[in-house]
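S.K.: give me a 3D structure for the following:
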Amino acid sequence: MEKSHRASRLSVHPRLAPRESVFPGNPDLYRTVDTNATCSPYLQECVMAMEDCCDEAHEAQVLLREGAYDLPRISKVLQSERVFLLIDESTVRRYKADLTDEIEPQINELLSRAEKGLQILLKKENMLQAKVEASQSRPSSRAAAHTAGMNKLDVRRMQMLARQRQKLEEELAALQAEVDAMELNAMKK
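M.R.: As a prediction, this is how the structure comes out:
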């Protein structure tokens, strides 16, 4: 009996002490006169066993409370919804082929339009390049004298054409990059 020398939970915590007597007067009046009466030796063991049961019940209650304090959160976590559906590989291939059949004509149309636009921009670039070379082949003093002799309208027109040329060169570079990207994507497929 190792438990007999262990302190019970009731003796450690005074607030958990046994309840007060229910007798209205002095409890000594109700006690037997026999002061030599002895308790059964098993009574002390029975009381200690009862205190051990109370200790175990209290520990179980604490453990249960610690394990279930976040039950609302866990119940929300455990509520599962089906968010995807598993399908086999043949279905994936079929949908991929359908998507390819649907998108491929549009991609081919965009590629042909980009190529046509590129050809137009290349022609414009060649024309502008020829104009630049022609203007650079003239003597610079003559060009300076020529611009000095031009009126303000001609100077504005030249500036406008130079800005337009620069804008077209930028558009050409952007379209060339787009065509290169499309060709790269087409080669990857």
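S.K.: just for the chain, where's the confidence low?
M.R.: For the chain, the stretches flagged by pLDDT under 70 are 1-39, 81-83, 138-149.
S.K.: would you map the helices across it?
M.R.: In the chain, the segments counted as helices under DSSP state H are 9-12, 41-68, 71-78, 89-137, 140-149, 152-188.
S.K.: could you tell me the angle between the longest one and helix 152-188?
M.R.: When you say that, I think you mean helix 89-137. For helix 89-137 against helix 152-188, the angle by axes from the mean of the first three to the mean of the last three CA atoms, to 10 degrees is 150 degrees.
S.K.: so which elements touch helix 89-137?
M.R.: helix 152-188 (3 or more CB pairs under 8 Å, 6 or more residues apart in numbering; DSSP states H and E). C-beta coordinates here come from the backbone N, C-alpha and C atoms, glycine included.
S.K.: return the set of buried residues in the helix it packs on.
M.R.: Using 16 or more other CB atoms under 10 Å as the test for burial, helix 152-188 gives 165, 172, 175.
S.K.: any idea how far V92 is from the second one?
M.R.: If I follow you right, that is L172. Distance, L172 to V92, using CB to CB, to the nearest Å: 41 Å.
S.K.: what's the answer for K167, then?
M.R.: Where V92 is concerned, K167 sits at a distance of 46 Å (CB to CB).
S.K.: do A181 as well
M.R.: A181 is 27 Å from V92, by CB to CB.
S.K.: check R65 too.
M.R.: Taking CB to CB, one finds R65 at 50 Å from V92.
S.K.: same check, this time on G117
M.R.: Applying CB to CB, the value for G117 to V92 is 36 Å.
S.K.: between those two, which is the more surrounded one?
M.R.: For G117 versus V92, neighbours defined as other CB atoms under 10 Å are more numerous around G117 (15 against 10).
S.K.: spatially nearest residue to the more buried one (excluding sequence neighbours)?
M.R.: Distances taken as CB to CB, 6 or more residues apart in numbering place L175 nearest to G117, at 5.9 Å, with adjacent residues excluded.
S.K.: okay, buried residues for stretch 114-121 please.
M.R.: Neighbour counts over stretch 114-121 (16+ other CB under 10 Å) mark 114, 121 as buried.
S.K.: now for L110, how many residues are close by?
M.R.: Per other CB under 10 Å, the neighbour tally for L110 reads 12.
S.K.: got the phi/psi numbers for D70?
M.R.: Dihedral pair for D70: phi -110, psi 30, per degrees, to the nearest 10.
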